[in-house]
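Student: Structure, please.
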Amino acid sequence: MKILIAPDKFKGSLSAEEVCTALSKGIKKANSNVEIITRPMADGGDGSLEVLAHYFDLKTITVEVDDPLFRPINASYKMVDTTAYIEMAAASGLALLKKKERNCMETSSFGTGELILDAIRKGATTIYLFIGGSATNDAGMGIASALGWSFYDKGGGLLVPIGESLNEVSRIDGSFLSYQPAKVKFKVICDVNNPFYGENGAAYIYAPQKGATPDEVKILDDGLRNLAEVLKTGGYADIADVSGAGAAGGVGGGGIAFLNAELVAGIATFLEITALEKQIENCDLVITGEGKLDAQTEQGKVISGVCALAAKYDKPVIAVCGAVEKNAVNKLNLKQVYTVIERVESLEKAMSETSEILEEIGYQLFNEQL
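Tutor: Numbering: from 1, shown residues only. Prediction:
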């Protein structure tokens, strides 16, 4: 019997590696002879670098940059040889701000651009940018500004690269960049397929959780439309209808326009890195999971990616999650779903005792399913 455990993190509770460890302990209690293969996973959101470090010997580099409100902060990225791995959340993440500070009209991705520039100056020629968990809706203007682009209004005034400025952009100047674009290849890793603007775009779908009021959402969406038009007429890429352009407050589209980046699905990246297909082909059972199985799970999250590969080889899949949204499992073809929340009296207890509960689930699922 060979079991593959390939979960995402349980956000706020355990890393993907810790989830693997807890489930493995429970299964081993049920049968110490079972062979267990663990493959911690991610989908491109915050926590991705922690998973990468499980597979590669990466050097951690820490520098002082600006946080989303232009305050100094120490942020880290990882590098091996001439490849850098940067999480937007490290410098421009929502988690860096207190709840009352969250307002994506005023926040900027500038600090992420500073991390990118530092990596380039240290010899990076390939940069993977993981854009989950952002606090911004500036379409990557902050990143671009840190790298040398300038944004001007109709009167020729230099704009601060924040969400509120999107509507004022009239001219973009990329004449004085701090690096040579031809020498750096960018891959922007995202886990959503939203367009740049519109009812399913960056502002309407994600700005509210970043502090925007309904009126501000409309302003931001109009700003994204304006920037897309200025980019198009200025000879930059037409990003209006690109799938994923709306990721991270428009950084998906900004990455294409300013960095000539390739947008890459996060789960596809990690399926390749972990060589998961080969492991699935050679196992008897697959266990996957994430903090919450919901409507977004089918849209390129870890569980959906694992299930798709398992279906290819007709392997049974069990999901272990913190919680499950009603009707969210319909298309995933899961053999069984176990949840942490159903075993405790409160969310607080579920969050604080996740490891112990996952160990119990590992023991139970082996006895029930095998």
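Student: so where do the helices sit in the stretch 51-200 of the chain?
Tutor: 88-92, 110-121, 141-146 (DSSP state H, counting those that start in this stretch).
Student: Relative to Gly291, which of the ones you listed is closest?
Tutor: The closest approach between Gly291 and any of the helices of the stretch 51-200 of the chain, judged by Cβ to Cβ, belongs to helix 88-92 at 15.7 Å. For the C-beta atoms, the positions are set from N, CA and C on the backbone; glycine is no exception.
Student: and that closest one, what other elements does it pack with?
Tutor: Where contact means 3 or more Cβ pairs under 8 Å, 6 or more residues apart in numbering; DSSP states H and E, helix 88-92 is packed against strand 72-80, helix 110-121, strand 126-130.
Student: State the distance from Tyr313 to Thr38.
Tutor: With the distance defined as Cβ to Cβ, to the nearest Å, Tyr313 ends up 19 Å from Thr38.
Student: quick one: which of these two has more around it?
Tutor: Each of Tyr313 and Thr38 has its neighbours counted (other Cβ atoms under 10 Å); Thr38 has more, 19 against 12.
Student: Kindly state the beta-bridge partners for that one.
Tutor: Ile5 (DSSP bridges).
Student: check contacts around the most centrally placed residue in the chain.
Tutor: A centroid search over the chain (Cα atoms, centre = their mean) returns Gly45, at 1.8 Å, as the residue closest to the centre. Residues counted as contacts of Gly45 (Cβ atoms under 8 Å, 6 or more residues apart in numbering) are 89, 130, 132-133, 191, 266.
Student: Can you check these and name whichever has the most neighbours?
Tutor: Neighbour tally across the contacts of Gly45 (other Cβ under 10 Å): the maximum, 29 neighbours, falls on Phe130.
Student: Tell me the spacing between the nearest residue to Ser13 once chain neighbours are set aside and Lys9.
Tutor: Closest residue in space to Ser13, ignoring its immediate chain neighbours: Thr354 at 4.0 Å, by Cβ to Cβ, 6 or more residues apart in numbering. Computed as Cβ to Cβ, the Thr354 to Lys9 distance reads 11 Å.
Student: of the two, who's got more company?
Tutor: Neighbours per residue, other Cβ under 10 Å: of Thr354 and Lys9, the larger number sits with Lys9, 26 against 21.
Student: So the more buried one sits against Cys20, correct?
Tutor: No: counting by Cβ atoms under 8 Å, Lys9 sits too far from Cys20 to count as a contact (10.4 Å).
Student: overlap in contacts of those two?
Tutor: Contact criterion Cβ under 8 Å, 6+ apart; residues shared by Lys9 and Cys20: none found.
Student: And the pLDDT at the residue of the chain most remote from its centre?
Tutor: Farthest-out residue of the chain from its mean C-alpha position, per Cα atoms, centre = their mean: Gly155, at 37.1 Å. Gly155 carries a pLDDT value of 98.
Student: contacting residues for it?
Tutor: No contacts exist for Gly155 under Cβ under 8 Å, 6+ apart.
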